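> got a predicted model here, sequence first, then my questions.
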Protein chains: 2
Amino acid sequence: MLFVAEKDLRDKVTTLTKVLPPKSLTTWMETILIEVTDKVAITANDMAACLTILAESSKTEKGTTYVDGKFFANVLKSLNEDVTVTADDKHLTIQSSKAEFTLATTNPTDFRTLNSEHDPKMKIEVETLLKLISKVAFAAAKDQFGVPFNCVLWEVKKDSLRLVATDGFKLAIDQVPTSCDEDHSFLLSTRNMSILVDVLKSTASDTATLDFQLSLLSLRTSDMLARLNYTESTFPDYRRAIPDSYQITVQATKDSLLNALKRALLVDNSRVILNIASEVTLYTSASDAKYTETLEAEKQGPDLTIAFNPRFLLETISHIDTEEVELAFNTNTSPVQIKSPTQDYPTYIVMPIRMVQGESL
Amino acid sequence: MLFVAEKDLRDKVTTLTKVLPPKSLTTWMETILIEVTDKVAITANDMAACLTILAESSKTEKGTTYVDGKFFANVLKSLNEDVTVTADDKHLTIQSSKAEFTLATTNPTDFRTLNSEHDPKMKIEVETLLKLISKVAFAAAKDQFGVPFNCVLWEVKKDSLRLVATDGFKLAIDQVPTSCDEDHSFLLSTRNMSILVDVLKSTASDTATLDFQLSLLSLRTSDMLARLNYTESTFPDYRRAIPDSYQITVQATKDSLLNALKRALLVDNSRVILNIASEVTLYTSASDAKYTETLEAEKQGPDLTIAFNPRFLLETISHIDTEEVELAFNTNTSPVQIKSPTQDYPTYIVMPIRMVQGESL
């Protein structure tokens, strides 16, 4: 087996290491499979995700071998020129003009790849999918929470792809127009979402095709193939969390809201009171300090005093792309909807914190 | 008490928090002292270091107060405009055009400052002192090691200031020409060295004056006064660690050496063998991998095979400012001297690792 690892391949090989387990439970998961035909294909697999990078090589000799994935990636990264990779039964050698590395190869009989050989169902711009994910995935819970809170819901419709995530306190929804023959609905874990982001960021391709089959989301670009396990567990009926209409809408500049919320966090990072009248006043107090700030805002509807976790407001408002942000309320026990005044998506829903009887500014 | 905190003061106040303890052992150490006369002086003190920032203010009313230092600094940092700070017996209020913070003040009867009111002994450029520190302080041991390995030795002579640090494995020496009436020699802890660096980086001043009295190094600029406790414990006789002459000198490019050492670390991060002949060959091996690389070099003297901890070579060589680096050896049990071929300082000494009987490439 022989190939020349050119810059293109050396740049992408780090993406493979995202699939390798952080600690070795079973040795074969740390292993990558290198297959050389007229092209080079390198595959990492942890059973929940299987990632292949594909590269051209100016010189190849057919063959297959397995080596430690992280070590292989780190060695290629450390060499700033084209290197020749050769392998026999026992060793893989990586040779640059002056440096030479020799690694032991392994022969894991239990190395499996997740296979999916189906026609692609959907085509999407890499940038579009990356942006869609960035607007939603942050709202999922961290890994210690279970399904479905550590997952992102994919709703594939004939004319749109919608992603939804929630941790029970905040909800994020965004969608883009696409076209697909059939409807699909499934949950992808935050870990697989993060591998997907790495793949989309490192591919040289502008477009990707998607396929949904046999519990695998397959994403293919000209130089990468990701096969990510999904589950079809039920997701909370998030549509019920969204009020049909709002009695109060407030429009304010994104920056003024974000800066005020950051200042409120200095005094209390778990609770901020918003007093919504002709102006919006933020108020926070702790045993030995208090903070108050008044923002210019355009309000429609009655006055309202409502309490929130300031972190949830910060996180969601920071994902709005327009200068102005629209907040829509009903009462101080029902959720706020946060979105751009000119766009329907992304839309965020944040639950308020119960106010103490008689609590106000 | 009243003053206006202008940009200049708001930028510098974060430096004070470096002196505040990371966790509260005694409350008063978390407190800062604010003294307003025609100027504003704000002081933090943890008994090992006492730091005062001085600022002009467009409007002042005399007074003195104490507040929580980190909270005060974070609030000032969060406000992007000039703010008015007022205080009465119980509260300090920070007011911007729209936001207002109120903090409880404290009255710590045991707050002390480290005083030193002596004539300055030495004048030095801020940039010069910063660079001198950067070339030496990294070689001191981390805090878990005791005196003198977690300290930097200051040798003040009539015509030079020399800094020396060692962790027992590597030694760093650098010096600059200065003028001082008397000789001084003392040890400054790595923590106080790091506070000194913060002060030098945040002062608006180009020059600083130094004074050494009553176990305090006092550094004063136009807008800062740092008083740092030093000890006069003995430092190892580092001059004995430096060979008088060398039988072998090798000159190579800094980048080629650094890149090769980084690659060697991938295989074994504790041991690299250098074979010094007409070329320099680096060699590392582990149970399942090995690495070898040959560098162009100019050598004078006999051949030598010698082993080092590659991290110590990396750290020291990366502090040489010239393109070429000179390594000087005697035997494989005596230290290497590392410096620029054109400059005597900074000079680094690294101890080799004992070679196993018969070990070679």
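That came in fine, so what should we check first?
> and the lowest-mean-pLDDT helix or strand in chain A, C-alpha only, in CSV?
Here the helix or strand of chain A ranked lowest by mean pLDDT, DSSP states H and E is helix A:7-17, holding a mean of 90. Provided in CSV are the C-alpha atoms of helix A:7-17 (Å, rounded to 0.1, in the frame of the first residue of the first chain):
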residue,chain,number,x,y,z
LYS,A,7,-2.1,19.2,1.7
ASP,A,8,-5.8,18.6,1.1
LEU,A,9,-5.7,15.3,2.9
ARG,A,10,-3.4,16.5,5.7
ASP,A,11,-5.8,19.3,6.4
LYS,A,12,-8.9,17.1,6.6
VAL,A,13,-7.4,14.2,8.6
THR,A,14,-8.0,16.0,11.9
THR,A,15,-11.7,15.9,11.4
LEU,A,16,-11.5,12.1,11.6
THR,A,17,-10.2,12.3,15.2
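> mind giving me the packing neighbours of it?
Contacts defined by 3 or more C-beta pairs under 8 Å, 6 or more residues apart in numbering or on different chains; DSSP states H and E place helix A:7-17 against strand A:40-45, strand A:49-55, helix A:69-78, helix A:190-202. Every residue, glycine included, has its C-beta placed from N, CA and C.
> for the last one, what is the distance to the chain centroid?
The gap between the average C-alpha position of helix A:190-202 and the chain average comes to 6 Å, counting by C-alpha atoms, centre = their mean, to the nearest Å.
> next, the buried residues of the least confident helix or strand of chain A.
A:9-10, A:12-17 (16 or more other C-beta atoms under 10 Å in any protein chain shown).
> of all these, which comes closest to A:T109?
Proximity of the buried residues of helix A:7-17 to A:T109 (C-beta to C-beta) peaks at A:L16, which lies at 21.1 Å.
> the closest one and chain B: what is the separation?
16 Å (C-beta to the nearest C-beta, to the nearest Å).
> that residue reaches A:A44, doesn't it?
Yes. Using C-beta atoms under 8 Å, A:L16 is in contact with A:A44, at 4.3 Å.
> got any residues that touch both of these two?
With contacts taken as C-beta atoms under 8 Å, 6 or more residues apart in numbering or on different chains, the residues that reach both A:L16 and A:A44 are A:32, A:51, A:69.
> please name the spatially closest residue to the last one (chain neighbours excluded).
Ranked by C-beta to C-beta, 6 or more residues apart in numbering or on different chains and with sequence neighbours excluded, the top spatial neighbour of A:G69 is A:I32, at 3.9 Å.
> Three-state assignment for the one you found, please.
Using DSSP: H, G, I helix; E, B strand; the rest coil, the structure places A:I32 in strand.
> can you name the residues bridging to it?
Per DSSP bridges, the residues bridged to A:I32 are A:V67.
> ok, now which ones touch it?
Residues near A:I32 by C-beta under 8 Å, 6+ apart: A:16, A:20, A:42-44, A:66-69, A:72.
> of all these, which two lie farthest apart?
A:T43 and A:D68 (14.0 Å).
> how about the residues of chain A near chain B?
A:68, A:71, A:74-75, A:78-80, A:98-104, A:259-260, A:262-263, A:266-267, A:288-295 (C-beta under 8 Å from any C-beta of the partner chain).
> what subset of those residues is buried?
Using 16+ other C-beta under 10 Å, the buried ones in these are A:68, A:71, A:74-75, A:78-79, A:98-103, A:259-260, A:263, A:266-267, A:289-295.
> contact partners for the nearest residue to A:K70 once chain neighbours are set aside?
Closest residue to A:K70 apart from its sequence neighbours, by C-beta to C-beta, 6+ apart: A:T17 at 5.3 Å. Contacts for A:T17 (C-beta under 8 Å, 6+ apart) come out as A:44, A:69-70, A:73.
> A:E323 too?
So A:E323 contacts A:253-255 (C-beta under 8 Å, 6+ apart).
> now intersect the residues you listed with the helices, please.
The helices, defined by DSSP state H, take in A:254-255 from the contacts of A:E323.
> just the buried ones from the contacts of A:E323, in ChimeraX syntax?
Applying 16+ other C-beta under 10 Å to the contacts of A:E323, the buried members can be selected in ChimeraX as follows:
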select /A:254
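> could I get the contacts of A:E323 as JSON lines with pLDDT?
Listed next are these as JSON lines, based on pLDDT from 0 to 100:
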{"residue": "A:T253", "pLDDT": "97"}
{"residue": "A:K254", "pLDDT": "97"}
{"residue": "A:D255", "pLDDT": "96"}
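> just the contacts of A:E323 now: which is nearest chain B?
A:D255 (10.3 Å; C-beta to the nearest C-beta).
> which residue, other than its chain neighbours, is closest to the closest one?
A:D255 sits nearest to A:E323 (C-beta to C-beta, 6+ apart), 7.7 Å away.
> which stretches of the stretch 1-150 of chain A have low pLDDT?
Within the stretch 1-150 of chain A, the stretches with pLDDT under 70 are A:22-28, A:115-118, A:143-145.
> okay, A:L258: pLDDT?
As predicted, A:L258 sits at a pLDDT of 97.
> number of nearby residues for it?
Close neighbours of A:L258, defined as other C-beta atoms under 10 Å in any protein chain shown, add up to 16.
> wait, what's in contact with it?
Per C-beta under 8 Å, 6+ apart, neighbours of A:L258: A:314, A:317-318.
> 6 Å - rerun?
A:L258 is in contact with A:I317, counting by C-beta atoms under 6 Å, 6 or more residues apart in numbering or on different chains.
> quickly note the distance from it to A:M351.
20 Å (C-beta to C-beta, to the nearest Å).
> try A:V126
From A:V126 over to A:M351 the distance is 34 Å, taken as C-beta to C-beta.
> where do the helices sit along the stretch 101-250 of chain A?
Secondary structure of the stretch 101-250 of chain A (DSSP state H, counting those that start in this stretch): helices located at A:126-136, A:190-202.
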